[in-house]
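Q: Sequence plus the predicted model coming up.
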Amino acid sequence: MNLFTRRNLFILILAILLFTVSVVGMYTFFTAENPGANDFYPRWKGTQLFWQDGTDPYSQEATEAIQRGIYGRLATPEEDQVLFVYPFYTVFLLWPLINLDYAWVQAIWLVVVQFSLIGGVILTLRLLDWRQPSWLLAITLLWSVIMYNSTRTIILGQFAGPIFLWLAGTLLALKQDRDVLAGALLSLTTIKPQMSYLIIPALLLWAVWHQRWRFIAGFAGAMALLAGLSFLLLPNWLTSFIDQVRFYPAYTVTPSPLRVITGTFFPQLGQPVEYVLIGLLLLVMFWQWWQLRHETSVTRKFLFIISLTLIVTNSIIVRTATTNYVIMYIPLFLLLHTISQRWRGGNGWAAGILLVMLVGTWALFLATIEGDFEHPVTYLPLPIGLLLGLIWLSWIQTAKT
């Protein structure tokens, strides 16, 4: 066994040990006495009902069982209806957890989400070839779980954490020419399509232009497997899923950042201005996609375009969530890496920005929270700040040329 193999084996064993200790600690000190992760429970309960009883997770019977599990009763019309509302192939991912007590399930899943956020940040740093000094890396990894968006993702048990990991893994695999793996990872991001509905066509379009057929085959093959098995087990799953997605906006109150601006803070602007802003963002994004014709590999320009796509993804969709913002850590670290390279004492500036973001987002949330809900203002700083950051990045690149 060579040194590299021994090192990887040691890291794997250490990761498994750390994961196990984290799960036991999470159960002992949190989930045993605090059932929750309400964004995860409907998916787990729907999965359990299907595998154990053969119940359609989209059915009214499943919905009522989920509601009783969360509320102890049926939901009232004005409450979150806690529908399954995920693609059916989610049941394959959660199958190993169906026979465990929910307190242990919750502990395992919260640690999975936590490790996904840490792993996603590590993969993003590798994607950028950013070798941080040990002190900055420690700050960055701690930040990746205590940043407001991250902590909320963990507490709610949001799939946004794994989606971020899979997306960062997709981009890194493309950079390393591991195209089949990249395609398979990208297919997993469809579990939460509101986070990947723009990045998927962008990457597939780029792949067609540059004949990265193995990437397309990896994505198509994985999707065929996931969807095909789903249709075999539940032939009507797609129509049921679409029906629940269509009903979703009726009981959720999480508008897009543009809707917050034009509907909450400046209601005199109204939907016409919102639609104009959406159109402008899409035009700029599509123009940048057209530039992908010139990027044969994962270059800085490629990552700039991907970053813009991720920001637009969260800015224009009808319903979003601050947990979904974790995919925007990719453009954030692209900007921080640029600062670390261009500014004197750049690593210190990067650490300072992370600290300001950490304190600022938590302070904003705590100062504006309304009952159990975030104030709409919490949806604005990250996408607007990152969009301004990309404008700055574009300006310095133009000045350089």
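A: Noted; the coordinates are in hand. If you're wondering where the values come from, they're calculated on a predicted model, not measured in any experiment. Numbers count the residues shown, from 1 in each chain.
Q: I'd like to know how many residues surround E64.
A: Other residues near E64 come to 13 when the count uses other CB atoms under 10 Å. The C-beta positions use only the backbone N, C-alpha and C, and glycine is treated the same way.
Q: What residues sit buried inside the helix or strand containing it?
A: Assessed by DSSP states H and E, E64 sits inside helix 60-71. Residues of helix 60-71 classed as buried by neighbour count (16 or more other CB atoms under 10 Å): 62-63, 65-67, 69-70.
Q: again, but for stretch 202-215
A: Along stretch 202-215, these residues count as buried under the neighbour rule (16+ other CB under 10 Å): 202-204, 206-207, 212, 214-215.
Q: And stretch 381-390, by the same measure?
A: Neighbour count says stretch 381-390 has 381-383, 385-387, 389-390 buried, by 16+ other CB under 10 Å.
Q: wait, I261 sits on L269?
A: Yes. Checked against CB atoms under 8 Å, the pair I261 and L269 is within contact range at 7.5 Å.
Q: Tell me which of these two has more neighbours.
A: It is I261, of I261 and L269, that has more neighbours when counted by other CB under 10 Å, with 21 against 15.
Q: Tell me who's in contact with the more buried one.
A: 269, 274, 277, 380 (CB atoms under 8 Å, 6 or more residues apart in numbering).
Q: closest to G36 among those residues?
A: For those, the residue nearest G36 by CB to CB is L380; the value is 26.8 Å.
Q: Quick one, grab the pLDDT at that closest one.
A: L380 carries a pLDDT score of 94 in this model.
Q: Then G270?
A: In the prediction, the pLDDT value recorded for G270 is 83.
Q: again with L12
A: In the predicted model, L12 carries a pLDDT score of 85.
Q: what are the ranges of the strands in the stretch 201-350 of the chain?
A: Secondary structure of the stretch 201-350 of the chain (DSSP state E, counting those that start in this stretch): no strands located.
Q: in the buried residues of stretch 202-215, which two residues are the furthest apart from each other?
A: The largest distance within these, taken as CB to CB, falls between A202 and R214 and amounts to 17.9 Å.
Q: which one among the buried residues of stretch 381-390 gets closest to S307?
A: Using CB to CB, the shortest approach to S307 within these belongs to L390, at 6.2 Å.
Q: and the gap between the closest one and T262?
A: Summarising the geometry, the distance separating L390 from T262, computed by CB to CB, to the nearest Å, is 21 Å.
Q: try M26
A: 41 Å.
Q: before we move on, what about R214?
A: 43 Å.
Q: which residues sit in contact with the spatially most central residue of the chain?
A: Here the mean C-alpha position of the chain is nearest to the C-alpha of A160 (CA atoms, centre = their mean), at a distance of 3.3 Å. For A160, the contacting residues are 153, 192, 195, 321, 323-324, 326-327, taking CB under 8 Å, 6+ apart as the criterion.
Q: Could you tell me how many residues sit around L156?
A: By other CB under 10 Å, the residues close to L156 number 20.
Q: Could you list the domains of the protein?
A: The chain is divided into the following domains under automatic domain parsing: 38-73+90-99, 162-254.
Q: Same list (the ones you listed) but as TSV, adding distance to W362 and mean pLDDT.
A: Supplementary listing: these in TSV, determined by distance: least, CB to CB, whole Å; pLDDT from 0 to 100:
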stretch	distance to W362	mean pLDDT
domain 38-73+90-99	20	96
domain 162-254	19	95
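Q: So for P35, what's the pLDDT?
A: 88.
Q: Provide a list of residues in contact with it.
A: Applying CB under 8 Å, 6+ apart, the residues contacting P35 are 102-103, 106.
Q: do that again at 10 Å, thanks
A: 41, 69-70, 102-103, 106 (CB atoms under 10 Å, 6 or more residues apart in numbering).
Q: element containing it?
A: Residue-wise, P35 maps onto no helix or strand under DSSP H and E.
Q: tilt between the helix ranked longest in the chain and helix 60-71?
A: Longest among the helix segments of the chain by residue count, using DSSP state H, is helix 102-127. Relative orientation of helix 102-127 and helix 60-71, computed by axes from the mean of the first three to the mean of the last three CA atoms, to 10 degrees: 90 degrees.
Q: Use 13 as the first number from now on
A: From this message on, residue numbering opens at 13, which makes the last subject helix 114-139.
Q: Buried ones in the next helix or strand after helix 114-139, by neighbour count?
A: Using DSSP H and E, the helix or strand that directly follows helix 114-139 along the chain is helix 146-158. Neighbour counts using 16+ other CB under 10 Å place 148, 151-153, 155-157 of helix 146-158 among the buried residues.
Q: Repeat that for stretch 19-35.
A: Within stretch 19-35, the residues that count as buried by 16+ other CB under 10 Å are 34-35.
Q: contacting residues around it?
A: By CB under 10 Å, 6+ apart, the surrounding residues in contact with stretch 19-35 are 13-14, 43, 116, 119-124, 126-127, 131.
Q: Out of those residues, which end up buried?
A: For the contacts of stretch 19-35, a burial check counting by 16+ other CB under 10 Å picks out 43, 116, 119-124, 126-127, 131.
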